[in-house]
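**Student:** turn this into a structure:
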Amino acid sequence: MQLPDLTLIEITQLPHSLQSLIECIGLENAYHLTCAYGGRPKYIPKHRERTKLADVLPAEALDALIKRFAGVALEIPKADHFLRQLRNLQIQQESADGLSRSLLADKYGLSLRQIGNIRRQM
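**Tutor:** The predicted structure follows:
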């Protein structure tokens, strides 16, 4: 899976639960975690040997996650939060390039109203 350009993400616009994950383990690691476990609770054990999170996160990120959330079942946010923000940036760019609302609505499978709302966020 190709990693989207996460440098475009405005972290302050993400849900607080995701912001705290990013603060703990970094943007890219948080993205990988949301792709693997998003939308589900994930128990964070006290010892790294007791979890499959090592398949998703590098050792230092897993250690930071354990240090902060050991013994807690975290509700992992969905990766949609990242993808929606990137999609909206793309829509804003294409709109600025002159694409009409109806073309953008067809291209992204959104309503004209949604496209209008996204364009107004610019």
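
**Student:** number of nearby residues for residue 70?
**Tutor:** For residue 70, the count of nearby residues is 13 (other Cβ atoms under 10 Å). (Glycine included, C-beta is placed from N, CA and C.)

**Student:** need phi/psi at the residue lying closest to it once chain neighbours are set aside.
**Tutor:** Leaving aside its sequence neighbours, residue 70 sits nearest to residue 46 (Cβ to Cβ, 6 or more residues apart in numbering; 4.4 Å). Residue 46 has phi and psi values of phi -80, psi -20 when expressed as degrees, to the nearest 10.

**Student:** so residue 46 makes contact with residue 68?
**Tutor:** No - between residue 46 and residue 68 there is no contact under Cβ atoms under 8 Å: 11.9 Å.

**Student:** for the two, indicate the residue with more neighbours.
**Tutor:** Between residue 46 and residue 68, counted using other Cβ under 10 Å, the more crowded position is residue 68 (15 against 10).

**Student:** if I read this right, the more buried one contacts residue 24, doesn't it?
**Tutor:** Yes - between residue 68 and residue 24 a contact is recorded at 5.1 Å, counting by Cβ under 8 Å.

**Student:** now the end-to-end length of stretch 66-74.
**Tutor:** 11 Å (Cα to Cα, to the nearest Å).
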